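Visitor: pasting a predicted model and its sequence here:
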Amino acid sequence: MLILFLFFSICPILAGGETFIDHSTQERMIGELVQKHGEQHKQRIECGVEQAAQFWKEEDGGREDFAAFCMENFVSDPAMLDTIFQRIEMFNEAIGGHFTEMSRDIIRPLDLAWGDILPIDMTIGQFNPAAHLNEDLFRSTIAFIVLLNFPNYSLEEKARISPKWERKEWAYANLGDLYISRIPAEILQENTKSMTRAETYINEYNIYMGNLIDDSQKTYFPKDLKLVTHWGIRDELKARYADPAGLQKQEMIYQLMLRIINQEIPEEVINKNEHEWDPVRNKIYKDGRKIPFKSEPDTRYGILLETFKAMKRLDPYFPAFSTHIKRKFELDRKIPYEEVEAMFSDLCSSRQVRDTAKLISKRLGRPLKPFDIWYNGFTGKKSISEEELNKIVAAKYPTLEDFEKDVPNILMKLGFSAEQAKYLAPKIQVDPARGPGHSGGAEIRNAKARLRTRVPKGGMDYKGFNIGMHELGHAAEQTLTLYKMDHYSLRGVPNTAFTEAFAFIFQGRDLEMLGLTDHDKDAVYLKTLDNLWMAYEIMGVALVDMNVWKWMYDHPDATPAQLKSAVISIAKDIWNKYYADVFGVKDQPILAIYSHMIDYTLYLPDYPLGHVMQFQIESYLEGKNLGAEMERMCRIGNIPPQLWMQKAVGSKVLIMPLLEASSDALARLKN
């Protein structure tokens, strides 16, 4: 039974302050609407009038125009309200879906591996075709109709009331979340420019690994190996655990990372292959002769500062969510900052992490080094070299088209039925990525998810395939949560961490898709420890990201040089708190290497949350069919995270299951 009219008495969208529609006008309208529709609708009326009044400007009409609008557009009849809801859903899919496709298509020269980026590509890519849409929706009164009739609920209210809701009530509540800001078009357009510049900077930040040399001019990597930072160089470091002579390569990669963080990297070696570079001693050579160079001039931190200012420009237009930090955690993730921070701190401080570190040291036969935060020797990859994996993948997928054609078979190998694979595969388009790879879901049910990964000359390599599997997890989720959803307003998952969880599940089965099965009798225990170690590494990275954003809000006028100093200091502080005792060395800034900190504002906490969720979902999936269960979970839709997890696996998002399973795994491996 629907309980749509049991609403709250205070609208969280409001945050005080002056509005054009004064309090007396609001009170008069509430009284007249209650008289017209009945006392039983008073709470809805109060909230609707207050929500609409918060955003009504003088150019929208005078106070009497506002009064007339409310009298004409407030709906009390449930059947009519449902009809209006359906019409707005149809409108949202048409408008939002087509604008998404338009925006995605115009930046293809920046996103796809189409050769050099031209000035016109940047000019077009910085144009936002939807910049005026938000204001147009208010001017047309569409936004005001939603505000008047569909209340916005706070996180606390959703947690308290929502378990009693039915699907339609959740869809109504999500509609109430749509118009909580009125952002001028010029602000949105300026922000698009900032974010496009940041993403292009990262996508073009490549290192030619074959040009790296040691002090004797010796090279260690293939001449044509071009890796994007941080993903590519990190994955190359991880791949060297299967290389008997890999330690020196890892040391070199680690020094490369430190040069990037400290902005000591020569400009001449960023996305260029004309010089040899000794990253340990930071010297560059041309035809064997040492030459002078200029270091990158704090560009990395200038870009980060620009993205901060872009997000900060939005603050005045969110009455109840006045910082990007609040918006990312309370609006996007729907999990409070403090709850996420406590979860990360608890795992990073855990005994299980320290016991796992001792096991890794024993398996390596040496004391841990800082870059061992990326140790991946618990997986089946430990016995297969990167070179051998590259050969297997290149033979299987000579081109990206071959990978796309094989998507139905991959899905069936993962456990999806032939019918599911036939349904999903045509809705996923595979493209060559300029950057590290990503997947963008469609927003209208006649469009495709765009899966993008890198394919070098000579065929897909293992890194590209591994990323492709990760992105296929995203694409499958994005397709299921759009095409299989009962209400458009419920499309998607509660937050990005959930789609990361599915992506990690797919990615973790990459060797199996290549026919390389791990026959280790302890594989399940090793997989648990692998998950724990990955969560430990990325939680530190996320804590750096979170603390950097707090610092930027405390120092909004900082220079790039000041921000660089702060990021490095914060990274060292997090390292000293959670990692120094494990690795036996202090003051390491390596947690600041992640590129997502630069171009995807406050995105990084989604990765460790995704690892925690992945473990809980994987545990639940044991003995069950992945395809059937994933579709069931995806159809739960965009509801609060803890409720989603309860419905999906029977428990909330918790780190304790992973810690307890890690204790069991450590005991088993010890015995």
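Guide: In hand now; what should we look at? Residues are numbered from 1 along each chain as shown.
Visitor: for the stretch 451-600 of the chain, what spans make up the helices?
Guide: Assigned by DSSP state H, counting those that start in this stretch, the helices in the stretch 451-600 of the chain fall at 462-483, 496-507, 510-513, 523-554, 560-578, 580-583, 596-599.
Visitor: and the longest one, what does it pack onto?
Guide: Other helices and strands packing on helix 523-554, by 3 or more C-beta pairs under 8 Å, 6 or more residues apart in numbering; DSSP states H and E, are helix 299-312, helix 324-326, helix 337-348, helix 351-364, helix 560-578, helix 596-599, helix 606-621, helix 656-670. Yep, even glycine has a C-beta here, placed from its N, CA and C like the rest.
Visitor: pLDDT of that helix, averaged?
Guide: Helix 523-554 shows a mean pLDDT of 97.
Visitor: buried ones in that helix?
Guide: Neighbour counts over helix 523-554 (16 or more other C-beta atoms under 10 Å) mark 525-549, 551-552 as buried.
Visitor: would you map the strands across the chain?
Guide: Taking DSSP state E as the test, the strands found in the chain are 206-208, 226-228, 276-278, 283-286, 289-291, 428-432, 438-440, 449-453.
Visitor: quick one, what contacts the nearest residue to residue 139 once chain neighbours are set aside?
Guide: Counting by C-beta to C-beta, 6 or more residues apart in numbering, residue 139 lies nearest to residue 60, which is 7.1 Å off, once chain neighbours are set aside. Residues in contact with residue 60 (C-beta atoms under 8 Å, 6 or more residues apart in numbering) are 66, 138-139, 141, 144.
Visitor: walk me through the domains of the protein.
Guide: 23-180, 329-379+532-670, 383-513 (automatic domain parsing).
Visitor: just the buried residues out of the contacts of residue 60, in ChimeraX syntax.
Guide: This is how ChimeraX selects the buried members of the contacts of residue 60, with burial counted by 16+ other C-beta under 10 Å:
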select :66,138,141,144
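Visitor: ok, so of the contacts of residue 60, who is nearest residue 257?
Guide: Residue 257 lies nearest to residue 138 out of these, by C-beta to C-beta, at 46.2 Å.
Visitor: thought the closest one was touching residue 182?
Guide: Yes - counting by C-beta atoms under 8 Å, residue 138 does reach residue 182; the two are 5.6 Å apart.
Visitor: shared neighbours of the two, anything?
Guide: With C-beta under 8 Å, 6+ apart as the test, residue 138 and residue 182 both reach residue 55.
Visitor: roughly how far does residue 27 sit from residue 21?
Guide: According to C-beta to C-beta, to the nearest Å, residue 27 and residue 21 sit 11 Å apart.
Visitor: pick out the most distant pair among the contacts of residue 60.
Guide: 66 and 139 (14.0 Å).
Visitor: got TSV for the domains of the chain, with distance to residue 243 too?
Guide: Putting these into TSV (distance: least, C-beta to C-beta, whole Å) gives the following:
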stretch	distance to residue 243
domain 23-180	27
domain 329-379+532-670	11
domain 383-513	6
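Visitor: of all these, which gets the most neighbours per residue?
Guide: Ranked by mean neighbour count, those are led by domain 383-513 with a mean of 21 (mean count of other C-beta atoms under 10 Å).
Visitor: what sits closest to residue 450 if chain neighbours are left out?
Guide: residue 440 (4.7 Å).
Visitor: so the one you found sits against residue 449, correct?
Guide: Yes - contact status for residue 440 versus residue 449: in contact at 6.8 Å, counting by C-beta under 8 Å.
Visitor: shared neighbours of these two, anything?
Guide: Joint contacts of residue 440 and residue 449 (C-beta under 8 Å, 6+ apart) are residue 478.
Visitor: any weak-confidence spans in the chain?
Guide: Scanning the chain for pLDDT under 70 picks out the ranges 1-18, 380-383, 518-519.
Visitor: how much space between residue 437 and residue 284?
Guide: Relative to residue 284, and taking C-beta to C-beta, residue 437 is found at 29 Å.
Visitor: same check on residue 241?
Guide: Taking C-beta to C-beta, one finds residue 241 at 29 Å from residue 284.
Visitor: could you do residue 355 as well?
Guide: Following C-beta to C-beta, the distance that separates residue 355 from residue 284 is 43 Å.
Visitor: and residue 407, by the same measure?
Guide: 43 Å.
Visitor: please apply the same query to residue 240.
Guide: 23 Å.
Visitor: more crowded one of the two?
Guide: residue 240 (23 against 20; other C-beta atoms under 10 Å).
Visitor: pretty sure that one sits against residue 252.
Guide: No - under the criterion of C-beta under 8 Å, residue 240 is not in contact with residue 252, lying 9.8 Å apart.
Visitor: circling back to that earlier point, got TSV for the strands of the chain, with distance to residue 360 too?
Guide: Formatted as TSV, those follow (distance: least, C-beta to C-beta, whole Å):
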stretch	distance to residue 360
strand 206-208	27
strand 226-228	24
strand 276-278	29
strand 283-286	33
strand 289-291	38
strand 428-432	35
strand 438-440	30
strand 449-453	29
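Visitor: out of the helices and strands packed on helix 523-554, flag the one nearest residue 640.
Guide: Closest to residue 640 of the helices and strands packed on helix 523-554, according to C-beta to C-beta: helix 337-348, at 12.3 Å.
Visitor: what's that closest one packed up against?
Guide: Using 3+ C-beta pairs under 8 Å, 6+ apart, helix 337-348 sits against helix 523-554, helix 560-578, helix 606-621.
Visitor: starting at the chain centroid, how far to the second one?
Guide: Distance, stretch centre to chain centre, for helix 560-578: 22 Å (C-alpha atoms, centre = their mean, to the nearest Å).
Visitor: now do it and helix 299-312, the angle between them.
Guide: Between helix 560-578 and helix 299-312, the angle comes out at 90 degrees (axes from the mean of the first three to the mean of the last three C-alpha atoms, to 10 degrees).
Visitor: then the shortest one?
Guide: Angle of helix 606-621 versus helix 299-312, following the same axes, to 10 degrees, is 80 degrees.
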